[in-house]
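# Give me the fold of what follows.
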Amino acid sequence: MTNPTSNLSDSTTPTEPLSATMRAIVQRAYGSADQLEMAIVDRPAVAPDEVLIEVHAAGLDRGVWHLMTGTPYPIRLAGFGLTKPKQPIQGLDVAGRVVAVGSDVTRFSPGDEVFGIASGSFAEYAVAKQDKLAPKPSTTTFEQAAASAISGITALQALTDVGKLHAGQRVLVIGASGGVGTFTVQLAKALGADVTGVASTAKLDLVRSLGADHVIDYTTDDPVDGSRQYDLIVDIGGRTPLRALRRALTSRGTLVIVGGEGGGRWTGGIGRQLRAMLLSPFIGQRLTTFVSKEARSSIERLAEFIRTGAVVPAVGQCFDLDHTADAIRQMEAGATRGKSVIVVRTDQDHRDR
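Predicted structure coming up:
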């Protein structure tokens, strides 16, 4: 068995003995949420540039579903495991307390409260590279922080790095009630935009509460019928045809396609992205797509928006670790408002250790 503390610096070895094992949600094969099971596994070893986190909460996003099912298939070729998950413990978003650090870590010490992107956060402990973490804003709970990193930096990069948003522009957010969408609405408002959010009837109140200037119920109205045009459209996991999206863009407007569903096991809905990239050089509108970068600078920028209260993470329903599969099933059914969070331990649990 790997020695969990073999790469820990003498000066940062945890002050309290840590168990060599932990509870975790484990997946032995690709498939549905039925493949997930609770297991007792070895606590992860810490590399020199990594931090060991006592997980308090972990966010659930659509990326977890793709890694769980192994679809679209190209993600398996990208290094996540050809026939089964390379990382058997799911979960990326994390919030918790540092309990130990690797010998090369300079940014964090045991006891620090952090949030960011880890490996296998649906567990009592997880490791993360120090450059994928930021100090948890004192104004947020662990649950709010756990809902933030993946979705928040995706929204921030879509608006600023890719969308080149300027104050005063009109922004349409398709999929405004989900994890990325709730951050996109708030960040666009904080950056001075006039924001229209698109959601279903039951979720319009949530989108309004985020500060959207206008809301559109896609079950009764077509948000891209051309009656109103936008400088920037952020389409999050949508399936709206490219020609319809262009109809709602100004002549020099920008479309940012964030992810995409449908399209089968092989393409994963990337057809629109490919068509957008091929068409964009020949028209006045800018049609773009991107994959977010897990950059420390983006996490720190996001943390500042959260710290000031300009952005409040929209936590939907909280589930305990034992009910992680239920949380994923709810997300699959489209019943999630904001972002679901897996609560691994509470502050009371920490005090009782």
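
# Give me the phi and psi angles of Trp65.
Main-chain torsions, Trp65, degrees, to the nearest 10: phi -60, psi -40.

# now Val195
Per degrees, to the nearest 10, the backbone of Val195 is at phi -110, psi 130.

# Next, the contact list for it, please.
Counting by C-beta atoms under 8 Å, 6 or more residues apart in numbering, Val195 touches Val171, Val173, Val185, Ala188, Lys189, Gly211, Ala212, Asp213, His214. Heads up, the C-betas are built off the backbone N, CA and C, glycines and all.

# Out of those, name the ones that lie in strands.
Under the assignment DSSP state E, the contacts of Val195 contribute Val171, Val173, His214 to strands.

# filter the contacts of Val195 to the buried ones?
Listed as buried from the contacts of Val195 are Val171, Val173, Val185, Ala188, Lys189, Gly211, Ala212; burial here means 16 or more other C-beta atoms under 10 Å.

# residues touching the fifth one, list them.
Under the criterion of C-beta under 8 Å, 6+ apart, the contact list for Lys189 reads Val195, Leu210, Gly211, Ala212, Asp213.

# quick one: which two of those residues are the most distant?
By the measure C-beta to C-beta, Leu210 and Asp213 form the most distant pair in the contacts of Lys189, at 10.6 Å.

# circling back: just put the buried ones among the contacts of Val195 in CSV and tack on pLDDT.
Converted to CSV, these look like this (pLDDT from 0 to 100):
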residue, pLDDT
Val171, 98
Val173, 98
Val185, 98
Ala188, 98
Lys189, 98
Gly211, 97
Ala212, 98
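
# So what touches stretch 295-302?
Here stretch 295-302 makes contact (C-beta under 8 Å, 6+ apart) with 115-117, 131-134, 148-149, 152-153, 156-157, 292, 311.

# In helices only, show me those residues.
The members of the contacts of stretch 295-302 that map onto helices under DSSP state H are Ala149, Gly152, Ile153, Leu156.

# quick check, nearest of the residues you listed to Arg307?
Gly152 (12.4 Å).

# what about that closest one, neighbour count?
Here the number of neighbours of Gly152 (other C-beta atoms under 10 Å) works out to 32.

# Let me know whether it touches Gly181 as I believe.
No. Using C-beta atoms under 8 Å, Gly152 is not in contact with Gly181, being 11.4 Å away.

# pLDDT weak spots in the stretch 151-300 of the chain?
Along the stretch 151-300 of the chain, segments meeting pLDDT under 70 span 260-269.

# Need the buried ones among the contacts of Val195 in CSV (columns: distance to Asp104).
As requested, the buried ones among the contacts of Val195 are exported to CSV (distance: C-beta to C-beta, whole Å):
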residue, distance to Asp104
Val171, 41
Val173, 40
Val185, 39
Ala188, 38
Lys189, 39
Gly211, 41
Ala212, 44
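
# mind listing the helices for the chain?
If DSSP H is used as the criterion, the helices of the chain fall at 62-69, 74-75, 142-146, 149-156, 179-190, 204-209, 242-247, 264-267, 271-279, 296-308, 324-332, 347-352.

# Cool, thanks, talk later.
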